[in-house]
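>>> Turn this into a structure:
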Amino acid sequence: MFRPNLLALTTPLLAIALGIILAGHATASDGATPIHSYAVRQQWNIGVPSRWDYAAVDQLRHRLYVTRGLWVQVLDSDSGHTIGNIPGTNGVHGVAFAQDLKLGFTSNGRSNTVTVFDLDTLQVKKEVPVGGTNPDAILYAPETHKLYTFNGKSADVSVFDAPNMHFLARIPMGGGPEFAAGDGVGHIFVNLEDKSEIVEIDEHANRVLAHWPLAGCEGPSGLALDAAHRRLFSVCANRVMAVTDSTDGHAVARVAIGAHPDAAAFDPGTGTIFSSNGEGSLSIVHQRDADHYDVAATVATRKGARTLALDSSNHRVYLPVGDDHHFNMLVVSP
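Model prediction:
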């Protein structure tokens, strides 16, 4: 395990120097408030190259978590400075926050465990087996105080009582689960990448309620949710974003996005959906209303920048990306 050195490049003019520009313009969801053009405004060098997967923002503490394979790097989300690290997370994929418990959780894909840590101090409290294989996405549901790990190789979901990490259930999925989202009122939704489906889970009963096919969507990975309008956004390997009604699973819309998408996020303040695409682009989709969507812009990022984290408080999108020589965080904002 190693601690990367930091070189934070924070000037907004860097995007111009790199020649990374925005193509297009978006408007807010009410159609009246303009959104300034999105572009790569900053690029932070955050250490030596490594494997990586998800990123996540703790908006309350202004911290950005980046999973780095064997550890999790924690950055100041304003400056890019490294605050600390969470070690011993073998094959880490995702990070979830329980703000009411002041606890964080990581899904460790190689060790088949969850690491529990203190959100204030970053101190590791315990490591707990999930009972499944290759926990990938991870989600905390504050309304039920349950923690979910979505286990890719065993094709199931592990459910824990988060305050004490008591194991509650394993829910078979019938396919490989990818990203997940909760609606805050007792329902969890997850993409099945190998089945091109969305699965609806009942939080209270710990069981599957429905399997909804995603027609025209191949290999859905990233998933985001607009809880107010009950709309799910799945990004698909065939360059499509599938919009689905979260009440009954019917298809609402299909929107063109970039190639090799992996993550999605919804910004309720601007009515904007983001798809980070491994080809080196960020697709920005505008929600005119619950049933109508337009491609508002495409931002050039870097090849391999396939995952993202959104800070909806300031509308920043963070995209980790690495090569053989550097590991960077791209910061996209209006």
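>>> which ones are touching Leu310?
Taking Cβ atoms under 8 Å, 6 or more residues apart in numbering, we find Leu310 in contact with 57, 265-267, 274, 316-318. Glycine gets a C-beta too; all of them are placed from N, C-alpha and C.
>>> so for the helix or strand where it lies, what's the average pLDDT?
In this assignment (DSSP states H and E), Leu310 forms part of strand 309-311. Average pLDDT, strand 309-311: 98.
>>> hang on, the earlier thing: just give me the closest of the contacts of Leu310 to Phe160.
Nearest to Phe160 among these: Val57, at 22.7 Å, using Cβ to Cβ.
>>> residues of stretch 137-146 that come out buried?
Using 16 or more other Cβ atoms under 10 Å as the test for burial, stretch 137-146 gives 137-141, 144, 146.
>>> strand partners of the strand holding Leu310, parallel vs antiparallel please.
Using DSSP bridges, strand 309-311 pairs in its sheet with strand 316-322 (antiparallel).
>>> low-confidence ranges in the protein?
1-36 (pLDDT under 70).
>>> quick one on the thing from earlier: in the contacts of Leu310, find the pair that's most separated.
Largest pairwise distance in the contacts of Leu310, by Cβ to Cβ, is 15.4 Å, between Phe266 and Tyr318.
>>> okay, the two: which has more neighbours?
Taking neighbours as other Cβ atoms under 10 Å, Phe266 and Tyr318 compare with Tyr318 leading, 27 against 24.
>>> Name whatever forms a beta bridge with that one.
On the basis of DSSP bridges, Tyr318 is bridged to Ala309, Val331.
>>> show me the contacts for it.
With contact taken as Cβ under 8 Å, 6+ apart, Tyr318 is in contact with 55, 57, 64, 77, 308-311, 329-332.
>>> out of these, who's nearest Asp156?
Top of the list for closeness to Asp156, among the contacts of Tyr318 and by Cβ to Cβ, is Ala55 at 25.1 Å.
>>> For burial, what's the neighbour tally of the closest one?
By other Cβ under 10 Å, the residues close to Ala55 number 25.
>>> same question, the one 4 residues further on
Using other Cβ under 10 Å, the number of residues around Gln59 comes to 15.
>>> go on, His229?
The local packing count at His229 equals 18, with neighbours defined by other Cβ under 10 Å.
>>> so Leu192 sits right up against Pro172, yeah?
No: the pair Leu192 and Pro172 fails to qualify as a contact (Cβ atoms under 8 Å) at a distance of 11.4 Å.
>>> more neighbours, the two?
Ranked by neighbour count (other Cβ under 10 Å), Leu192 and Pro172 place Leu192 first, with 23 against 11.
>>> Nearest residue to the more buried one in space, ignoring adjacent ones along the chain?
In this structure, Leu192 finds its nearest non-sequential neighbour in Gly175, 3.6 Å apart by Cβ to Cβ, 6 or more residues apart in numbering.
>>> ok, now which ones touch the one you found?
Shown in contact with Gly175 (Cβ under 8 Å, 6+ apart): 155, 192-195, 197, 199.
>>> residues of stretch 186-199 that come out buried?
Using 16+ other Cβ under 10 Å as the test for burial, stretch 186-199 gives 187-193, 195-199.
>>> Narrow those residues to those in strands?
Mapping the buried residues of stretch 186-199 onto strands (DSSP state E) picks out 187-192, 197-199.
>>> What pairs with the helix or strand hosting Leu147, parallel or antiparallel?
Leu147 belongs to strand 146-151 when assigned by DSSP H and E. Using DSSP bridges, the strands paired with strand 146-151 are strand 135-141 (antiparallel), strand 156-161 (antiparallel).
>>> Strand 187-192 and the last one, what's the angle between them?
In other words, strand 156-161. Angle, strand 156-161 to strand 187-192, by axes from the mean of the first three to the mean of the last three Cα atoms, to 10 degrees: 150 degrees.
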